[in-house]
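Student: okay, sequence plus prediction incoming.
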Amino acid sequence: MQKTETSKQPLFFYGFVIVVIGTLGVWASVPGQTMGISTFTDPVKDALGLDRNEFSLAYAFGTIASSLLLGIAGRWFDIYGARKVATFAALGLALALAISSQSQVISAFILNILGIQSWVVPFVVMIICFFFIRFAGQGVLTLASRNMIMLWFDKFRGTVNAFSSIAVSLGFSISPLMINYLIEGNGWQKAWQIMALVLVLVSIVIYLLYRDSPEVMGLKPDGNLLKKNNKEKSDSERRQFTRGEALSTRAFWMYGLMLAFNGYFVTGLTFNIVSVFDSVGLTKADAISIFVPMSIISVITSFVFNAMSDFIKLKKLLYVMILGGIIDSLGLAFLSHSWGYYMLVAGSGIMGGMFAVLSSVVWPRFYGRKNLGAISGVSMQMIVFSSALGPFLFSSSLKFFGSYSVVALSGLIGLAIIAVFSVKADNPQ
């Protein structure tokens with residue numbers, strides 16, 4: 001962890017600034033998140049002459065490739081700190097969007113040189129574009145911003161994460177509407193270019209305001225929020241696990257697999273949401289209507305359980321998330337029934353809210369702060385990798401079995417396995 005930067009102690013606890021600016025950093029990752037990319041699906045695939053399956057497969061390959069490098073990005077965080085890593089991630093995402101806005105031109109240029117007409121060229125171009133967009137956005141920028149907030153707090157991680165998660169959820173929920181507005185008003189190429197310019201400005205703000213840890217400013221986690229007579233172990237007194245030691249514990253894999261399941265299921269559902277509802281005779285309006293109530297449940301769940309996470313065992317929260325996944329899967333399997341719709345909304349909201357809790361507070365509490373980047377980077381690899389498989393497995397369920405019930409019911413088997421093995425997934429501290 002970087003400790004070379006020094007400055008005078010501020011008049012107020014700088015951690016409050018970190019929460020706000022770190023949340024802004026997570027917001028800025030939207031172009032690299034599923035909801036930020038899915039809005040571009042139809043105009044981009046049509047411009048490049050790709051069908052939906054080809055475009056989804058390019059997305060999957062690019063995302064899988066990006067996930068393979070996130071472990072390295074986690075080590076960058078531990079070595080260089082949040083400030084440098086997040087700044088370069090924001091600039092990298094801006095560059096990736098700028099290049100992606102020219103994907104049609106690039107594809108046409110290559111096809112002209114080769115003297116052929118083939119879907120393979122734009123397919124490969126989009127794999128490369130998705131690789132950089134997903135790596136910089138969903139991966140590095142999100143990891144650095146979220147981990148930085150966690151480094152600044154210890155006893156109050158859950159509480160501050162509650163407020164940050166609400167802001168992130170609200171920002172993510174309205175982002176598809178804002179992006180769609182940009183696309184309709186300016187075209188998909190110009191929309192990506194505008195977002196790239198905004199990210200350049202965000203990178204400047206990140207460089208000016210991000211701080212790697214409280215120690216670099218002569219402060220301690222929680223600042224003066226913690227009562228002096230608090231007798232619980234401080235973060236510095238806990239064992240600081242290495243990446244290898246963390247990966248040898250059952251807790252890492254159970255929490256990591258559950259977070260990965262959320263990435264897989266939510267991405268698969270979101271990417272195919274219109275088709276999912278159409279498969280049971282429901283309209284596009286019905287499909288879109290799911291996001292508002294789902295976001296409300298997710299925000300409430302996140303706020304309540306983030307605050308509770310400071311005082312109760314995280315394994316209880318893990319089982320709440322597993323329960324949300326079960327409800328979600330049953331809702332998808334029986335979506336043709338009216339109660340299936342409500343189960344899908346409730347399950348998605350609960351699971352999404354619990355993801356916001358556990359993806360942030362588990363790793364520093366269980367394994368310490370020293371190697372947080374390397375440890376959380378492996379978890380992020382699992383999440384991104386599984387999110388790449390989601391759209392493909394969902395569409396394959398429809399293609400080969402005629403419905404999405406098969407992928408939903410198979411998910412229940414995975415959840416049951418996680419539930420059984422999580423019984424002894426205790427805090428290794």
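Tutor: Looks like it arrived, so ask away.

Student: where does the chain dip in pLDDT?
Tutor: 1-11, 224-236 (pLDDT under 70).

Student: do that again at 80, thanks
Tutor: Scanning the chain with the threshold set as pLDDT under 80 gives 1-12, 52-53, 173, 223-238, 288.

Student: list the contacts of the residue nearest the centre of it.
Tutor: When Cα atoms, centre = their mean is applied to the chain, the residue found nearest the centroid is Gln138 (5.6 Å). Contacts for Gln138 were tallied using Cβ atoms under 8 Å, 6 or more residues apart in numbering; they are 29, 32-34, 66, 384, 387. (C-beta placed from N, C-alpha, C; glycine too.)

Student: gap between it and Arg238?
Tutor: As defined by Cβ to Cβ, to the nearest Å, Gln138 lies at a distance of 29 Å from Arg238.

Student: which segments of the chain make up each domain?
Tutor: If you go by automatic domain parsing, the domain ranges for the chain are 9-218, 241-429.

Student: hey, where'd the helices end up in the stretch 151-300 of the chain?
Tutor: In the stretch 151-300 of the chain, the helices defined using DSSP state H, counting those that start in this stretch lie at 157-209, 243-247, 250-271, 273-278, 284-288, 291-308.

Student: tabulate the ones you listed (a markdown table), appending mean neighbour count and distance to Phe131.
Tutor: Supplementary listing: those in a markdown table, determined by neighbours: other Cβ atoms under 10 Å; distance: least, Cβ to Cβ, whole Å:
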| stretch | mean neighbour count | distance to Phe131 |
| --- | --- | --- |
| helix 157-209 | 18 | 16 |
| helix 243-247 | 17 | 24 |
| helix 250-271 | 23 | 16 |
| helix 273-278 | 18 | 24 |
| helix 284-288 | 13 | 29 |
| helix 291-308 | 20 | 27 |
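
Student: quick one, which of the ones you listed is nearest to Phe77?
Tutor: With Cβ to Cβ, the closest approach to Phe77 among the helices of the stretch 151-300 of the chain belongs to helix 243-247: 12.0 Å.

Student: contacting residues around the closest residue to Asn53 other than its chain neighbours?
Tutor: For Asn53, the nearest residue in space outside its immediate sequence neighbours is Ser395; the separation is 6.6 Å by Cβ to Cβ, 6 or more residues apart in numbering. The neighbours of Ser395, taking Cβ under 8 Å, 6+ apart as the test, are 52-53, 56, 272, 275.

Student: any idea of the angle whichever strand or helix holds Ser395 forms with helix 250-271?
Tutor: Using DSSP states H and E, Ser395 sits in helix 372-401. Angular relation of helix 372-401 and helix 250-271 on a 0 to 180 degree scale: 50 degrees, by axes from the mean of the first three to the mean of the last three Cα atoms, to 10 degrees.

Student: give me the buried positions along helix 372-401.
Tutor: Applying a neighbour-count criterion of 16 or more other Cβ atoms under 10 Å, one finds 372-395, 397-398 buried in helix 372-401.

Student: and if you look at stretch 417-429?
Tutor: Along stretch 417-429, the positions that meet the burial threshold by neighbour count (16+ other Cβ under 10 Å) are 418-419, 422, 425.

Student: now for those, which pair is the farthest apart?
Tutor: Taking every pair in those and measuring Cβ to Cβ, the maximum separation is 10.2 Å, between Ala419 and Ala425.

Student: quick one: the nearest residue to Leu197 once chain neighbours are set aside and Leu209, what's the gap?
Tutor: If you skip the residues right next to it in sequence, Leu197 has Ala94 as its closest partner in space, 7.4 Å away by Cβ to Cβ, 6+ apart. Summarising the geometry, the distance separating Ala94 from Leu209, computed by Cβ to Cβ, is 18 Å.

Student: list the contacts for the residue of the chain most remote from its centre?
Tutor: Relative to the average C-alpha location in the chain, and by Cα atoms, centre = their mean, no residue lies farther out than Gly115, which sits at 40.4 Å. If you count contacts by Cβ under 8 Å, 6+ apart, Gly115 has none.

Student: kindly report the same for the one 10 residues further on.
Tutor: Under the criterion of Cβ under 8 Å, 6+ apart, the neighbours of Val125 are 48, 103, 106-107, 110.

Student: filter these down to the buried ones, PyMOL style.
Tutor: Here is the PyMOL selection string for the buried members of the contacts of Val125, based on 16+ other Cβ under 10 Å:
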select buried, resi 48+103+106+107
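
Student: farthest-apart pair in the contacts of Val125, please.
Tutor: Between all members of these, the longest pairwise span (Cβ to Cβ) is found for Leu48 and Ile110 and amounts to 11.8 Å.

Student: list of residues touching stretch 268-278?
Tutor: 34-35, 38, 41, 56, 59, 283-284, 286-288, 290, 332, 335, 348, 389-391, 393-395, 398, 404, 407.

Student: spatially, what comes nearest to Gly158 if we skip its sequence neighbours?
Tutor: Here the nearest residue to Gly158 in space, its sequence neighbours aside, is Ser309; by Cβ to Cβ, 6+ apart that works out to 3.5 Å.

Student: next: Leu143.
Tutor: The shortest distance from Leu143 to any residue that is not its chain neighbour, by Cβ to Cβ, 6+ apart, is 5.3 Å, and that residue is Met380.

Student: and that neighbour, what does it touch?
Tutor: With the criterion set at Cβ under 8 Å, 6+ apart, Met380 makes contact with 67, 70, 73-74, 139, 142-143.

Student: how near is Arg243 to Met343?
Tutor: Arg243 sits 38 Å away from Met343, going by Cβ to Cβ.

Student: specify the local secondary structure of the nearest residue to Gly223 once chain neighbours are set aside.
Tutor: The shortest distance from Gly223 to any residue that is not its chain neighbour, by Cβ to Cβ, 6+ apart, is 3.3 Å, and that residue is Phe13. State at Phe13, reduced to three classes by DSSP: H, G, I helix; E, B strand; the rest coil: coil.
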